[in-house]
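In: Give me a model of this one.
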Amino acid sequence: MKFTGGLQVSPSVWVYPVMWRCSSFLVLLAALRLGLTQDSIKDGGFLLDPLPEEDSEPSIVPIFVEEPQDSYIVRNKPAVLHCKVRHALQIYFECNGNPVYDRQHSQQQYVDPMTGIRQLEVSVDVTREDVKDSEDSNGFHCVCHSWSSTGRSHSRKALIKIAYLKKHFINQPLSTSVEIDGQISLQCLPPEGVPPPKVFWLRNGVTIDTNKETNFIISNEGNLLISQVRLADMGNYTCGARNVANQRFSETSSVTVYVNGGWSTWSPWSECTSRCGRGVKLRTRMCTNPTPLNSGHQCTGEAAQKVDCTMLCPVGTNEVNGRTAVDGRWTSWSSWSTCGLDCRHHRRRTCANPKPAHGGRYCEGKDLTTGNCTGGMCRGGRDRDNLVPYGRSRSEEAIPATSNANIALYIGLFVALAVFLMVLVAMIFIVRRIKGRESTIYDTGESVQPDLTQNVLSVSPHIRDGSHNELHSNEKSGLLPARINPLLPTQRCNTPSSTEKLPCTESSNSGPSSASGSEYESDTISNRNSVASAVLPPGVDIECLAWKVVTKAGARISLPHSGITVTVPKGAIKKGAKEEVYVALLREDKDRPRLTEKQTILSPVVQVGPPGVNLQKPLIISFQHCANLNPNKWNLSVFFSDFSEDEGEDSMWREIVTLGQETINTPLYCQLDAQQCHLVTDNLARYTLVGESLPEQKAIKSLTLAAFSPALHSSMDYSIRLYCVENTKAALQGVVEVERELGGKLLDTPKLMWYQDGGSNLCFCLEDIGPGWRCKPGANYQEIPFQHVWSGTQNQLHCSFTLEHVDRSLQTIRCHILVYQRGVQAHRQLLRINTDLRDKLPSAPAIALSPPAPSICASIKTVGGINSVMQIDNPVEGFRISPAICKKLCACFDPPNSRGNDWRSLAQELGVDRYLNYFATKASPTEHILDLWEARHREPTALTDLMNLFRVMGRNDASAVIEKEAGPWL
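Out: Alright, predicted model coming up:
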């Protein structure tokens, strides 16, 4: 109870009104705080009062709720930047240092109903033209600025770029084959784009989800990795690239999963093939666990096994001396023989199923049966079918009368024979008249072009020097020989070009006045046919032939620009004898051996002859090969062919030795260096090197790529020929000779390319074609099947591209030719074509592998004044080791010694110890090793290196022999 002014007042009288007034005041205050009025309350809604123009909390710095982010302009759609700030009185954008005006903004301001805090939001559009017009090296960027009464603040810098995605992939996936359960990586490098595109992969048109299919992995570079390949993974794969601008797809590549065959378990043993005595039991297995699939390898090993078995004979057996007697039984009849002249054929059987043993009985019956093989249509057979009675001869039998039909037949044959003889006599008469006319040509001093396709080389005896004013002595005497020996060094000259004259000087030993001791002396024409008329092989181009007369001193016979040399060692020819030896390069397709799908030829086909030369010891045939021996994945063999008697028939090739499988009866020794092959043999025939991959290996050979253009072309198109041959001088020289005849022009330096076994084709792609030219759609890509490159029989394998001229004012051709093997990324080669059509081609092809070396040649004067030059060979190159030194070195190394540094150690140091038994069978192993050294080492320092090698071996006695003979300056 409270008293006021002496009066007692009840608390309810004054407390409750005061409380009601306070609550009303608080409600009104809250309404004003929220910006509400009573009118709005009456209307049933709430209306916002105008926002305050000043910061309600002036002590707080503006805070960014949303900052602008990096953005991209896609096509013509502008990029939109957003900025939201709290506690700010004003915000705006600044792009590349320049404020953006309000007309470019879209501004909003509101109060957060939950917190009552005022927020400002602004956005701006950036167009493609804004970015293109920007000259800032850092790119087009924008910053959001805000300020209040207490300070300013700015947002992060947002970069704006124009989004794009190019069309062409930098690296596209290639089709390939992979073994089941193996690993594979499909390469993909997406096209350039902004922002950088994201790579994804499709299999058979369905996107691969790496989260669900854990067997697939997409690397950071975009490559698709398959960790363990299954058959279900075989299909068509496409690489895709995607960003905000667009998405692109690469060319589809196929993945083939192959399965190598595996053997099943062995079947049970079969019953014994013999019911009595000794027989054979058989068991088999099949290549079905698994079955080869998609060109997988077949099973290796035997599919059947046989073991001997013995069966007791239940019938026809008895005991003889305590052992079981076995009666003989007949085998089945053999097949009928060929039909004989008597119109009969035969078949046999033997008593060997089983043979009689331990006193058993022999088979009963005949072991030979005879029958008529013409069904009774042979008169001789019919005559012989009538058995002659015993005691009478066929001469006593009556001969049936000849029918009128047979008489008419004999008369017709006689008339035909008479007509043939008359035609033959007429032909002989015509040939003799032609020869008589040729003799008049000789009398008038004219000469005719020789037929180089024939074996006989007919040449006019008027072989003149450059002045044409001296005649040979036999012309003055009236002797006109029909043939001359081209081996006589009548002229020594350099091989001329097609535009130069033939500079020749008459040799001192070209006439009958030559010194009697000359190795090439020939006072008279020998009765024996010369090499040009009898020894040279038929059908061989004279450009691919070299020959020499070889004596006991030996010789080296080389084919220019081909890397082919034959070394005839000293002492290979008997003393006092002369042998004509030649070496030929066979370029015809028919001369190459027919190979299996797994085999490939690795060297030129070389022929050495003539056959029948009496050699006292082997000669060495050296030529190049194109096998990559590092690492060695090859199974190499030397193929051999005898001379074909019939020029029209292909020679029969056979494998004479497989490297690593030589025996003591192997007729030759093969020394294989990094790029050279040397065959030591005394059999003159055709040889070549053939190889195939070792099991579960992929061997590699090297190819040469050369691009040529024709001499003449139309104004509308231009052709490019691209050759693919073995990487040997002989193969490239063959291409050069073909193009020289066509007048071709070499467009780029020949390039080397590795080619791997495995079944992948060789691909050629024409790209980057310069202005003014174009290629027909789909004609810029070609493939050569794998079998044509690996085991084909074509020498000059090539393809061609044709360009269309679309702008006549541009006469320069620029393009690239990409050559690669499908599925092999590492082995690629690029040919760059850059040529001007206004350049005049030279009269001879602009192709020069190496300058021609001086050679001995025979010049033939032909009608029209053109000199035809036949290449014989370089002058005789001296051997580095004389016979006297060789004899002393053999005395040093042939005998074995306790230190072990004999001829075996010498062979090891020289790298010719692959099969020492070949040298061990020779009378002097050291002599043959040194002969091979002469053929392998032709460098100027070879003799010095050999002497130093003797010193390293501890054979100072051998090095002293060379030093004493050649001089200490070595």
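
In: Low-confidence bits of the stretch 601-750 of the chain, can you list those?
Out: 643-651 (pLDDT under 70).

In: where exactly do the helices run in it?
Out: Applying DSSP state H, counting those that start in this stretch to the stretch 601-750 of the chain gives helices spanning 729-742.

In: how about the strands in it?
Out: Applying DSSP state E, counting those that start in this stretch to the stretch 601-750 of the chain gives strands spanning 605-609, 619-624, 634-641, 653-658, 669-672, 676-681, 686-693, 700-709, 717-726, 745-746.

In: Tell me which strands the second one pairs with, and in which orientation.
Out: It refers to strand 619-624. strand 564-568 (antiparallel), strand 676-681 (antiparallel) (DSSP bridges).

In: Apart from its chain neighbours, what residue comes closest to residue 818?
Out: With Cβ to Cβ, 6 or more residues apart in numbering as the criterion, residue 818 has its nearest non-adjacent residue at 4.4 Å, and that residue is residue 765. C-beta coordinates here come from the backbone N, C-alpha and C atoms, glycine included.

In: mind listing what that neighbour touches?
Out: By Cβ atoms under 8 Å, 6 or more residues apart in numbering, residue 765 lies in contact with 780, 781, 817, 818, 819, 820.

In: Now do the strand or helix carrying the last one: everything it contacts.
Out: If I follow you right, that is residue 820. In the assignment (DSSP states H and E), residue 820 maps to strand 812-821. With contacts defined as Cβ under 8 Å, 6+ apart, strand 812-821 is touched by 705, 707, 718, 720, 722, 724, 751, 753, 755-756, 760-770, 772-773, 801, 803, 827-837.

In: Kindly give a single ChimeraX line that selects the buried subset of those.
Out: Selection of buried members from those for ChimeraX, criterion 16 or more other Cβ atoms under 10 Å:
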select :705,707,718,720,722,724,751,753,755,756,760,761,762,763,764,766,769,772,773,801,803,827,831,833,835
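
In: Which of the contacts of strand 812-821 fall in helices?
Out: With DSSP state H as the criterion, helices contain none of the contacts of strand 812-821.

In: Out of the contacts of strand 812-821, list just those in strands.
Out: Among the contacts of strand 812-821, DSSP state E puts 705, 707, 718, 720, 722, 724, 751, 753, 755-756, 762-767, 773, 801, 803, 827-836 in strands.

In: So which residue is smack in the middle of the chain?
Out: Residue closest to the mean C-alpha point of the chain, counted by Cα atoms, centre = their mean, is residue 755 at 3.3 Å.

In: OK, contacts around that residue?
Out: Taking Cβ under 8 Å, 6+ apart, one finds 700, 701, 702, 703, 762, 789, 790, 821, 827 in contact with residue 755.

In: between those, which is nearest residue 65?
Out: Among the contacts of residue 755, residue 827 lies closest to residue 65 (Cβ to Cβ), at 59.9 Å.

In: show me what contacts the closest one?
Out: Counting by Cβ under 8 Å, 6+ apart, residue 827 has contacts 700, 753, 754, 755, 756, 820, 821.

In: can you list the contacts of residue 755 in a markdown table and add distance to residue 364?
Out: Listed next are those as a markdown table, based on distance: Cβ to Cβ, whole Å:
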| residue | distance to residue 364 |
| --- | --- |
| 700 | 66 |
| 701 | 64 |
| 702 | 70 |
| 703 | 69 |
| 762 | 68 |
| 789 | 64 |
| 790 | 60 |
| 821 | 69 |
| 827 | 72 |
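
In: Tell me where the stretch 351-500 of the chain is predicted with low confidence.
Out: 359, 375-406, 435-500.

In: since we're on the closest residue in space to residue 181 that isn't next to it in sequence, how many residues are nearby?
Out: Spatial nearest neighbour of residue 181, chain neighbours left out: residue 228 (5.7 Å); criterion: Cβ to Cβ, 6+ apart. Close neighbours of residue 228, defined as other Cβ atoms under 10 Å, add up to 11.

In: Spell out the secondary structure type for residue 228.
Out: Here residue 228 is recorded as coil under DSSP: H, G, I helix; E, B strand; the rest coil.

In: What separation do you get for it and residue 295?
Out: 21 Å (Cβ to Cβ, to the nearest Å).

In: In this protein, what residue spans correspond to helices?
Out: Taking DSSP H as the criterion, the chain carries its helices at 11-33, 38-42, 128-132, 379-385, 404-443, 473-476, 729-742, 786-790, 883-893, 903-910, 917-920, 925-936, 942-952, 956-966.

In: And the last one, what does it pack against?
Out: It refers to helix 956-966. Here helix 956-966 is seen to pack against helix 883-893, helix 942-952 when contacts are counted using 3 or more Cβ pairs under 8 Å, 6 or more residues apart in numbering; DSSP states H and E.

In: mind listing what's buried in that helix?
Out: So helix 956-966, judged by 16+ other Cβ under 10 Å, has buried residues 958, 959, 961, 962, 963, 966.

In: List the contacts of that helix.
Out: Residues contacting helix 956-966 (Cβ under 8 Å, 6+ apart): 881-882, 884-885, 888-889, 892-893, 943, 946-948, 950-951, 970.

In: if we can go back for a sec, hmm, the residue nearest to residue 181 is touching residue 215, no?
Out: Yes. Counting by Cβ atoms under 8 Å, residue 215 is a contact partner of residue 228 at 6.1 Å.

In: dump the residue contacts of the residue lying closest to residue 79 once chain neighbours are set aside.
Out: Distances taken as Cβ to Cβ, 6+ apart put residue 71 closest to residue 79, at 3.9 Å, once the chain neighbours are dropped. Residue 71 is in contact with 79, 80, 81, 126, 158, 159, 160, counting by Cβ under 8 Å, 6+ apart.

In: switch the cut-off to 7 Å
Out: By Cβ atoms under 7 Å, 6 or more residues apart in numbering, the residues touching residue 71 are 79, 81, 158, 160.

In: Make JSON lines out of those and add pLDDT.
Out: Output for the contacts of residue 71, formatted as JSON lines (pLDDT from 0 to 100):
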{"residue": "79", "pLDDT": "90"}
{"residue": "81", "pLDDT": "90"}
{"residue": "158", "pLDDT": "92"}
{"residue": "160", "pLDDT": "91"}
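
In: if we take those residues, which one ends up nearest to residue 908?
Out: Closest to residue 908 out of those is residue 160 (74.7 Å), distances taken as Cβ to Cβ.

In: just checking, that closest one touches residue 131?
Out: Yes. Applying Cβ atoms under 7 Å, one finds residue 160 in contact with residue 131, separated by 5.9 Å.

In: The two: which has the busier surroundings?
Out: Higher neighbour count among residue 160 and residue 131: residue 160, with 24 against 20, using other Cβ under 10 Å.

In: Sketch out the low-pLDDT regions of the stretch 101-250 of the chain for me.
Out: Using pLDDT under 70, the stretch 101-250 of the chain drops low at 101-105.

In: repeat that with 90
Out: Applying pLDDT under 90 to the stretch 101-250 of the chain flags residues 101-140, 146-153, 167, 181, 210-215, 219-222, 227-228, 231-232.

In: ok so, going back, for the strands paired with strand 619-624, which one sits closest to residue 302?
Out: Per Cβ to Cβ, nearest to residue 302 of the strands paired with strand 619-624: strand 676-681, 33.7 Å.

In: chain center to that closest one: distance?
Out: 23 Å (Cα atoms, centre = their mean, to the nearest Å).

In: Also stretch 818-828?
Out: Stretch 818-828 has its C-alpha centroid displaced from the chain centroid by 11 Å (Cα atoms, centre = their mean).

In: For residue 835, give me its contacts.
Out: Contacts of residue 835 by Cβ under 7 Å, 6+ apart are 709, 747, 813.

In: which one of the residues you listed sits closest to residue 656?
Out: When the contacts of residue 835 are compared against residue 656 (criterion: Cβ to Cβ), the nearest one is residue 747, at 40.8 Å.

In: The closest one: what's it in contact with?
Out: Here residue 747 is in contact with 707, 708, 709, 720, 833, 835 (criterion: Cβ under 7 Å, 6+ apart).

In: now those in CSV, with distance to residue 907?
Out: As requested, the contacts of residue 747 are arranged in CSV below (distance: Cβ to Cβ, whole Å):
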residue, distance to residue 907
707, 45
708, 45
709, 50
720, 50
833, 49
835, 52
